[in-house]
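Engineer: Predicted model and sequence follow; I will ask about them next.
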Amino acid sequence: MLVLFLGVLGALYFFGQRRTPEAEKGAKYYWQAISFYTGLISIYIVSHTYLDYLSQYMFWVHRFQHLVLHHLAPLLMVLGGMELIRRALPNAGQHWTSIPVILRLPVELTYRLIQHPVVAPIIFVGLIYLWLIPDIHFAAMLSQKLYYIMNWSMLLDGMLFWWLVLGPDWQGESKGFAVRLVMLIVVVVPQQLLGAYLTLTNSVVYDVYEVCGRAWPISPLADQIYGGVITWIPASMMSVLGLVLVLQRRFKYQKRQENEIN
């Protein structure tokens, strides 16, 4: 199912590119394509190769997998101009509004709730904490169905969050910059606290990897420390990178405003 999902996204992006006017194409256009497809391929690598197997038997590989699914890949895809997919579906808006309100409204309300600036950061960080609750993590690693639900939830939430933060829909709103800066600051601290705890604690938190056996000969505490470091530093740095990108867009927006005034 994931391969089909990635294939459809890749095809829609390709056809969206084909519909892009030549006047809009340039160096940025091709770099965006590289960014999008790099994100797409990285999802496949951590979900459908030997890395996926390792993530079920090594805690630090599991944390790397979620770093890609929740942070890196969605960020690359959004920076790659994921909105080009809309151009592959030119009549999608008309088709959507033709759906009866009783069916359409629950979906729209749910989306608005999930994408609310207050709710989105809570869900983003909350999912990280949820799947790292020892009992829930134990169950997810022993249940294939729950394992897939865990990975899908991280991927979809990552796409929604980074779309909200760095998508194109809000770029003309000056207030949007401040809101998104606050959102990114809010998600950094809880990730750092969780990563620091997993790195610095002297007790093994996740014993499921002892039950299943580790893929490589590594001590349980060392495995946990490596996983904690991945949760602590690279994941937090993704949010810091988001901050830099939002600030960059803010400066460009101010410059455009000044040029229009002058």
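Structural biologist: All right, it came through fine.

Engineer: Report the contact partners of the residue nearest the centre of the chain.
Structural biologist: With the centre of the chain defined as its mean C-alpha position, the nearest residue by CA atoms, centre = their mean is residue 158, 2.3 Å away. Neighbouring residues of residue 158 by CB atoms under 8 Å, 6 or more residues apart in numbering: 69, 70, 71, 73, 74, 75, 124. All C-beta spots, glycine's among them, are computed from the backbone N, C-alpha and C.

Engineer: ok, so of these, who is nearest residue 136?
Structural biologist: Among the contacts of residue 158, residue 70 lies closest to residue 136 (CB to CB), at 16.1 Å.

Engineer: What is the neighbour count of residue 45?
Structural biologist: 14 (other CB atoms under 10 Å).

Engineer: Buried subset of the contacts of residue 158 as a ChimeraX selection?
Structural biologist: Command for ChimeraX, covering only those of the contacts of residue 158 found buried under the criterion 16 or more other CB atoms under 10 Å:
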select :69,70,71,73,74,75,124
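
Engineer: Spell out which helix or strand contains the residue nearest to the centre of the chain, please.
Structural biologist: Using DSSP states H and E, residue 158 sits within helix 144-166.

Engineer: List the buried residues of that helix.
Structural biologist: 147, 150-151, 153-166.

Engineer: just checking, next helix/strand downstream of it?
Structural biologist: helix 174-200.

Engineer: and that next one, what other elements does it pack with?
Structural biologist: helix 119-131, helix 144-166, helix 220-232, helix 234-261 (3 or more CB pairs under 8 Å, 6 or more residues apart in numbering; DSSP states H and E).

Engineer: coming back round to it: could you report the separation of the residue nearest to the centre of the chain from residue 68?
Structural biologist: 9 Å (CB to CB, to the nearest Å).

Engineer: Likewise for residue 213?
Structural biologist: 24 Å.

Engineer: ok, the two, which is more surrounded?
Structural biologist: residue 68 (22 against 7).

Engineer: Apart from its chain neighbours, what residue comes closest to the more buried one?
Structural biologist: Nearest in space to residue 68, with sequence neighbours left out and distances taken as CB to CB, 6 or more residues apart in numbering, is residue 46 at 4.7 Å.
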